[in-house]
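A.B. asks: Pasting the sequence and the predicted model now:
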2 protein chains.
Amino acid sequence: MHIMLTPEEQVQALMLFKTKKIEKRKYLLPSGDISRNIYFVDKGCLRMFYTDQDAQEHTVCFYPENWWAIDTVSFFKEKPAMYSLQALEDSEVYHITLPRLEALFVKVPKFERFFRILTQNGFDMYERRVTSSLSKSATARYLEFRKQYPGLELRIAQKHIASYVGITAVFLSMMRKDKNL
Amino acid sequence: MHIMLTPEEQVQALMLFKTKKIEKRKYLLPSGDISRNIYFVDKGCLRMFYTDQDAQEHTVCFYPENWWAIDTVSFFKEKPAMYSLQALEDSEVYHITLPRLEALFVKVPKFERFFRILTQNGFDMYERRVTSSLSKSATARYLEFRKQYPGLELRIAQKHIASYVGITAVFLSMMRKDKNL
DNA sequence: CGTCTATTTGAATGTACTCAAAAGCGGTGG
DNA sequence: CCACCGCTTTTGAGTACATTCAAATAGACG
């Protein structure tokens, strides 16, 4: 979910948010908990991931600076999260709870639209991800990752990139060597 | 997107909808057009699919009876659809345009919530599909399809199932034979 | 019935995975 | 500051899963 507010809108909104620092490797949301907050990443980088029956992790999304991180389903439906949200670098985030968000909607109705668009952008992203994961090769998917998150490959572990692209860390390493990526 | 209204709510809503019959293989929405309608499937079955650069089709979702079919992004953002919507059987659908839907929201505010949930369910479905396409074997994905759409494998072409599962029709055929699926 | 498309079958190929071992790197404690 | 430990990445060999191409069979529809 990636969207920009004008600077003054950001100020208005951020007044209602709290801030939080979170260390590398720590969790903002462990899966199974109900996601009580939406996060806006100010510094650092988060990832959302899912752990399958074989204890394999699958990264659904990265959230570097200026991204909004949320488990939409857990947050709005108030049900236990299927995903975990973890810091990949020492990070600083703004966050807001659902009741305060609803207060914000009443105060500044414009944000209702903003969050609808946010949800739709997330939707859009998932649609693209479904089609690409079903139709494209590992190499193409890795190049899409590079395009989606320029420079991020220098900041985070390859195993996390591999878990996003849907391949093993070993295969990613070989691919990068063979094709100079 | 799969959700049920109570019978009386359905009646209320469907009064504002129009009906349409659509023949097998015909399109309700060709990709590139703006999706002006949301469809509710009364009889038959639709599919939404995406055609890639190599002219390969990838089915994103099937919509048998009682499913809501919509290209969320195209419909709400009024931008050209990335997807096509096609009938797989002779079908009958209810449909409504965005202006009339907004009128419905004013008249029966409850539907705003209903459509938010509809969108969230779609979101939920996409999330599951992303994780399963990235983490599960072709066989597991096929079994998921069977569970998601009981009996549908008897009604529609295997090549469409293959394009949903993300494998070739040839491989699906071999898989079903080898493992008695 | 004939034509067109979908499905099945088989062989050869390619893509990505597992297992295993070695090398690299980062954080911690002495 | 350095040495060590643990985790990540690289490298290699062998394997499994899924694809392509081709040809034969089966089914759908006019």
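C.D. replies: Received, thanks.

A.B. asks: Tell me where chain A has strands.
C.D. replies: Listed in chain order, the strands of chain A (DSSP state E) span A:18-22, A:27-29, A:37-43, A:46-51, A:57-63, A:68-69, A:84-87, A:91-97.

A.B. asks: how about the residues of chain A that lie near DNA strand C?
C.D. replies: Proximity of chain A to DNA strand C, by CB under 7 Å from any atom of the strand, involves residues A:Lys24, A:Ser137, A:Ala138, A:Thr139, A:Gly166, A:Ile167, A:Thr168, A:Val170, A:Phe171, A:Met175. The C-beta positions use only the backbone N, C-alpha and C, and glycine is treated the same way.

A.B. asks: State the distance from the second one to A:Ile167.
C.D. replies: The one in question is A:Ser137. 10 Å (CB to CB, to the nearest Å).

A.B. asks: so what secondary structure elements neighbour the longest helix belonging to chain A?
C.D. replies: Counting by DSSP state H, the longest helix found in chain A is helix A:110-135. Here helix A:110-135 touches helix A:98-107, helix A:138-148, strand B:57-63, helix B:72-77, helix B:110-135, going by 3 or more CB pairs under 8 Å, 6 or more residues apart in numbering or on different chains; DSSP states H and E.

A.B. asks: And stretch A:12-27, end to end?
C.D. replies: End-to-end span of stretch A:12-27 (CA to CA, to the nearest Å): 28 Å.

A.B. asks: Contacts for it next, please.
C.D. replies: With contact meaning CB atoms under 8 Å, 6 or more residues apart in numbering or on different chains, stretch A:12-27 is reached by A:5, A:28, A:40, A:42, A:44, A:84-96, A:100, A:103-104, A:108, A:111.

A.B. asks: now do stretch A:41-55
C.D. replies: A:19, A:22, A:28, A:31, A:39, A:57-69, A:71, A:82-94, A:152, A:155-156, A:160, A:163-164, B:131, B:135.

A.B. asks: just the residues of chain A next to DNA strand C now: which is nearest chain B?
C.D. replies: Distance ranking of the residues of chain A next to DNA strand C against chain B, using CB to the nearest CB, places A:Gly166 first at 3.7 Å.

A.B. asks: How about A:Thr131: what's its closest non-neighbour residue?
C.D. replies: Once flanking residues are discounted, A:Thr131 sits nearest to B:Tyr50: 4.9 Å by CB to CB, 6 or more residues apart in numbering or on different chains.

A.B. asks: What's opposite that neighbour in the beta bridge?
C.D. replies: Counting by DSSP bridges, B:Tyr50 forms beta bridges with B:His58.

A.B. asks: Next one, pLDDT for it please.
C.D. replies: pLDDT recorded at B:Tyr50 is 90.

A.B. asks: Could you report the neighbour count for it?
C.D. replies: Other residues near B:Tyr50 come to 22 when the count uses other CB atoms under 10 Å in any protein chain shown.

A.B. asks: how far away is the residue nearest to A:His95 when sequence neighbours are not counted from A:Leu85?
C.D. replies: Nearest non-adjacent residue to A:His95, counting by CB to CB, 6+ apart: A:Asn37, 4.1 Å away. A:Asn37 sits at a distance of 9 Å from A:Leu85 (criterion: CB to CB).

A.B. asks: Could you name every residue contacting both of the two?
C.D. replies: With CB under 8 Å, 6+ apart, A:Asn37 and A:Leu85 have common neighbours A:Leu28, A:Leu29.

A.B. asks: For the worst-scoring helix or strand of chain A on mean pLDDT, buried residues please.
C.D. replies: Ranked by mean pLDDT, DSSP states H and E, the weakest helix or strand in chain A is helix A:7-14, scoring a mean of 73. Of the residues in helix A:7-14, A:Gln12, A:Ala13 count as buried by neighbour count, 16 or more other CB atoms under 10 Å in any protein chain shown.

A.B. asks: what does chain A have sitting close to DNA strand D?
C.D. replies: Checking chain A against DNA strand D by CB under 7 Å from any atom of the strand, the hits are A:Ala157, A:Gln158, A:Lys159, A:Ala169, A:Val170, A:Leu172, A:Ser173, A:Met174, A:Arg176, A:Lys177.
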